[in-house]
Structure formats: C-alpha cells, structure tokens
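Participant: Below: sequence and its predicted model.
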Amino acid sequence: MTSSVQQNQQILKLELLGIGSKRYLVFLENLQKALNSLQLDVPINEIKDIHQILEFDIIGIPALCINGKFHFQTNVPSVEQLQVVLQQA
C-alpha cells in the first residue's frame, strides 16, 4: 500500500518558468523548501529558454506549472503558499 505522499510524488509534474532573475531564484528556493517540508521528492523541471517560455500561454514570469495548470504567474509565493498548492495538487 502506498501512502498519499508517495502517490503525490508519482503524479506531480512541476515546471518552473523563468530566466534566472532574482525573483526566479527566490521562487525556486521557496519551492524547494516547500517540497522538503512536505517530504516530497519531486523533480523541478526548470524552463529557462525564452523560446520555450514563449510557447506557454502565461501573463509573465516567473511562473509555476503543476500538472499542466499554472500558479503564481509574475509573483513569488511564500513557502506556506506553495505548501498549500502542492498539497491540493
């Protein structure tokens, strides 16, 4: 029997879009902290290529895509905000 944490790890697909700005780096750090606090070992697919980013229908970067749905476009969420969204995913 797998726990809900293990099931979440198997179904979560995380994509972080940005170009490496300070806001992007803070976002990445907060996301890593949120994942660690929830004991989730999920890879973060970092999309930094501007041409790839432009293919997405977003209003701005940084942006987080969880399982195909975008969250927190242009703003940097707190660790707590990310924990809530990750738990709901």
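Facilitator: Done, it's in. Numbers count the residues shown, from 1 in each chain.
Participant: For L28, give me its contacts.
Facilitator: Remark: with contacts taken as CB atoms under 8 Å, 6 or more residues apart in numbering, L28 is in contact with L16, G18, I44, E46. Glycine gets a C-beta too; all of them are placed from N, C-alpha and C.
Participant: What subset of the residues you listed is buried?
Facilitator: Neighbour counting over the contacts of L28 (16 or more other CB atoms under 10 Å) leaves L16, G18 as the buried ones.
Participant: Make CSV out of the contacts of L28 and add secondary structure, distance to I66 and pLDDT.
Facilitator: Supplementary listing: the contacts of L28 in CSV, determined by DSSP: H, G, I helix; E, B strand; the rest coil; distance: CB to CB, whole Å; pLDDT from 0 to 100:
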residue, secondary structure, distance to I66, pLDDT
L16, strand, 10, 97
G18, coil, 15, 96
I44, strand, 11, 96
E46, strand, 14, 97
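Participant: Could you verify that T74 is part of a helix?
Facilitator: No: checked against DSSP: H, G, I helix; E, B strand; the rest coil, T74 lies outside a helix; its state is coil.
Participant: what about F70, distance to A34?
Facilitator: Here the criterion is CB to CB, to the nearest Å. By it, F70 lies 17 Å from A34.
Participant: One more: N75?
Facilitator: Plainly put, N75 is 15 Å away from A34 if you go by CB to CB.
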